[in-house]
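K.L.:
Here you go, sequence then predicted model.
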Amino acid sequence: MIDDHALCGACWRDTPFITGLVCDRCGAPLPGDAAEAPATCDDCLALARPWTRGRAAVIYDGGGRDLVLALKHRDRQDLAVPMARWMLAAAAPILAKGMLVVPVPLHPLRFLRRRGNQAALLASGVARGAGLTHCPDLLVRARRTPTQEGRDREERFANVVGAVAPHPRRAARAAGRAVLLVDDVMTSGATLAGAAEACLAAGAAEVRVLAFARVARRA
């Protein structure tokens, strides 16, 4: 799939990169012209997001989904390099000087099973490319949660209530700063919402979010 950190021709055609007009809050693609920005999707109009702006690099489908699953479940950590580069390009409109880049945390048992935290790998690459500070342990999983797969939106939000908290010895690093919160996939936004609330509890002035892939509604 990867040659010198670039997709092969067939994989490139099968990877739905997000371009054009997007929701300024969550990065979901929207109909219309990019000149109409900023725009907000229906979900972000209906939900009280604890973050201010968001972006994603690809739609979670085709090659985008394959990349996520390979990084998460097939030990393809080499993919984090080009994935972070594409995320950085998507994030350009929402980056700010002095931001702290923070990954969504994994529970220790899940970390061991996956042999790492894919969000932390992506966050590290984004921070390095943007010249920002990466704080991989600002947040911790306060409790283990069942997988979000197969749950509807209300169940996803209920599943993560109280699941993420600031690390007691790292919280001061976020005080008064803008935080860029990074994850591999955004579906309903429930996991990112729980993590964003934890960043705000640590004293962050603002939270913006960045995902590699965004699950988009089918027309």
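P.N.:
Noted; the coordinates are in hand.
K.L.:
wait, what's in contact with Ala195?
P.N.:
With contacts defined as CB atoms under 8 Å, 6 or more residues apart in numbering, the neighbours of Ala195 are 102, 104-105, 139, 164, 181, 183. To be clear about C-beta, it is placed using only N, CA and C from the backbone, and glycine gets the same treatment.
K.L.:
where do the helices sit along this protein?
P.N.:
Shown for the chain, the helices assigned by DSSP state H span residues 9-13, 42-46, 62-73, 80-91, 108-114, 118-130, 153-159, 190-201.
K.L.:
Of those helices, give the one that comes closest to Ala172.
P.N.:
helix 190-201 (12.4 Å; CB to CB).
K.L.:
Pull out the buried positions in that closest one.
P.N.:
190-200 (16 or more other CB atoms under 10 Å).
K.L.:
From the residues you listed, pick the one nearest Ala90.
P.N.:
Using CB to CB, these come closest to Ala90 at Leu192, 15.1 Å.
K.L.:
Roughly how far does the closest one sit from Glu36?
P.N.:
25 Å (CB to CB, to the nearest Å).
K.L.:
can you list the contacts of Ala195 in TSV and add neighbour count?
P.N.:
What follows is the contacts of Ala195, written out as TSV (neighbours: other CB atoms under 10 Å):
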residue	neighbour count
Val102	32
Val104	27
Pro105	25
Leu139	27
Val164	25
Leu181	29
Asp183	23
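K.L.:
In strands, which of these fall?
P.N.:
Among the contacts of Ala195, the ones falling in strands (DSSP state E) are 102, 139, 164, 181, 183.
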